[in-house]
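Student: Okay, here's the prediction I keep looking at, along with the sequence it came from:
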Amino acid sequence: MHWQYVSLALGSAVGFVFEAMASMSEQSIACAVEVMQQGLLNRYQMDAGAETNYLLKTERALSKYLNMKYCLGLNSGGSAIFLALKCADMPDGALVLSNAFTFNAVPSAIAHAGGRTVLVECTDAMVIDLDDLEKKAKASGAKYFVLSYMRGRIPDMDKIMAMCDSLGLYLIEDSAHAYGCEWKGRKIGTFGHSSTISTQANKVMNSGEGGFLCTDDDDIMAKAIISAGSYEELFLKHCDLSPPRELMIKYRMTRVNYSIRMTNLQGALLFPQVAQIDIRRDKHNAIYEELVRRLEEHSRITVPPQLPEVTPVYDSIQFNVSNMQPAQVPEFQKRLKEIGGKKFEAFGLMENARNWHTWKFIDGLDDLSLPKTDAAIQYTFDTRLHFEMSQNKIEEMVRVIHSSLDSLSSDKTSGLASALDNEAKNPEALIMAGA
Ligand SMILES: Cc1ncc(COP(=O)(O)O)c(C=O)c1O
């Protein structure tokens, strides 16, 4: 039996009605088998420019796709954000503006790099709030800005760039969820000093774990290659993707080696996937449009819109439910799981890693107030979407969501009882009641 079918069979055996992760294509499997058979799992085991250096080939393909000079494979998207900050020569303890609505890996990468995150509100369209960005930048004096396109949601980039100019902000784009997206036809990931992506399992490209740092800047890439774990003359193996030799020599003994390289095996899995980004984007977007149309037939469901200038990549969907009580959030989530067999994220839950209240490693977090973000996420639910979702699966998902919502107790106290019961069993599962 072919691997692809094994994974599908396993998926259905454990009852995942909405399989969200891409299984590997024949081409990815063939490239991976080739490097495994030859034992070429490390990018530096081969001669410069070897055909089997799939990581280099993936980096080239990605730089070409993004129309950027440089691209470097790393072990995760979080490492890529960390390294982007290190290559900005950010002083220890510097303040870094970033989204209050994103995944905990983002403020974690900032903390890992020695920065202190200044959280910026999100709007009800789930993008960074520009007024709050300006206010926080001025009040804090922060000069670094990690802009996270959480769930592929893109703010007004003209305004962002104007604000970065006027406030003197050093911009790093976290495009973990947004590669393939465009603003007025320009690729997301090409606006900042550098940008990062993730190829962790449920992203548009999947290598299990992985990430990339992209930039047009010679110095940033020279530092990045050295700090990722390139020593002595290994930089020569980056061939045309290496900055000039004198820069590599300048940095190779002065920069810390963080040992965060990507393997050639991941490069092999990814190489065929680069050519699939736009194909997957079109498939995702067609599925999403249909899903939104059908979901919004329910009077209590709305899907936050994006600006018309955005070319999106909808590999996930977020929807808001109106007239809900805080206690009904876990109840709805439970019904979705019972009826559909799949966990939907409830951003409003206090156990959700995308809820800023859970980032307790940020100094002074408990004294922070971000009411707009709380309001935007409190009744928002989310799930990943597979780019091969059939019409039947779309219908099934709509049915599960609609019927789970309709099955919620209209008696608010009963919803509360079930939530309190849940909380008693799991004290971490606090609800944002009114927060
Ligand atoms: C918005 C966002 N940025 C960055 C990351 C970090 O990616 P990784 O898991 O590859 O470290 C993630 C992880 O899913 C993410 O959701």
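Tutor: That came through fine. Being a predicted model, the structure only gives us computed values, none of them experimental.
Student: residues making contact with the longest helix anywhere in the chain?
Tutor: For the chain, the longest helix by residue count, based on DSSP state H, is helix 277-295. Residues external to helix 277-295 that are found in contact with it (Cβ atoms under 8 Å, 6 or more residues apart in numbering): 22, 65, 179-180, 204-205, 301, 303, 311-315, 317, 319, 385, 387-389, 391, 394-395, 397-398, 401-402. C-beta here means a position set from N, CA and C on the backbone, and glycine is covered the same way.
Student: E232 is in contact with M248, correct?
Tutor: No - using Cβ atoms under 8 Å, M248 and E232 do not qualify as a contacting pair, with a distance of 10.4 Å.
Student: Between those two, point out the one with more neighbours.
Tutor: More neighbours sit around M248 than around the other of M248 and E232, counting by other Cβ atoms under 10 Å; the figures are 22 against 9.
Student: Can you tell me which of the contacts of helix 277-295 end up in strands?
Tutor: The strands in this structure, assigned by DSSP state E, contain I301, T311, I317, F319 from the contacts of helix 277-295.
Student: Would you mind listing the buried residues in the helix or strand containing K334?
Tutor: Following DSSP states H and E, one finds K334 within helix 328-340. By neighbour count, with 16 or more other Cβ atoms under 10 Å as the criterion, the buried positions of helix 328-340 are Q328, V329, P330, E331, F332, Q333, K334, R335, L336, G340.
Student: repeat for stretch 100-119
Tutor: Of the residues in stretch 100-119, those with enough neighbours to count as buried (16+ other Cβ under 10 Å) are 100-113, 115-119.
Student: try stretch 225-238
Tutor: Going by neighbour count (16+ other Cβ under 10 Å), the buried part of stretch 225-238 is I225, I226, S227, A228, G229, S230, L234, F235, K237, H238.
Student: Can you give me the neighbour number for the residue of the chain found nearest the ligand?
Tutor: Taking Cβ to the nearest ligand atom as the measure, the chain has G77 as its residue closest to the ligand, at 2.7 Å. Close neighbours of G77, defined as other Cβ under 10 Å, add up to 27.
Student: again with the one 3 residues further on
Tutor: For A80, the tally of surrounding residues (other Cβ under 10 Å) stands at 32.
Student: residue contacts, it?
Tutor: Contact analysis of A80 by Cβ under 8 Å, 6+ apart lists L74, T196, I197, S198, G211, F212, L213.
Student: any idea of the mean pLDDT for the helix or strand hosting it?
Tutor: When secondary structure is defined using DSSP H and E, the element that contains A80 is helix 77-87. The average pLDDT within helix 77-87 is 98.
Student: Distance from the chain centre to it, please.
Tutor: Taking Cα atoms, centre = their mean, to the nearest Å, one finds helix 77-87 lying 14 Å from the centre of the chain it belongs to.
Student: again, but for stretch 143-162
Tutor: In terms of Cα atoms, centre = their mean, the centre of stretch 143-162 is set 13 Å apart from its chain centre.
Student: again, but for stretch 310-320
Tutor: Mean C-alpha position of stretch 310-320 versus that of the full chain (Cα atoms, centre = their mean) differs by 12 Å.
Student: contacts for that stretch?
Tutor: Counting by Cβ under 8 Å, 6+ apart, the neighbours of stretch 310-320 from elsewhere in the structure are 126, 151-152, 154, 177-183, 185, 202-204, 280-281, 284-285, 287-288, 291-292, 295, 301-304, 306, 379-385, 387, 401.
Student: Please spell out the PyMOL selection for the buried subset of those.
Tutor: Only the buried entries of the contacts of stretch 310-320 go into this PyMOL selection, using 16+ other Cβ under 10 Å:
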select buried, resi 126+151+152+154+177+178+179+180+181+182+183+203+204+280+281+284+285+287+288+291+292+295+301+302+303+304+306+379+380+381+382+383+384+385+387+401
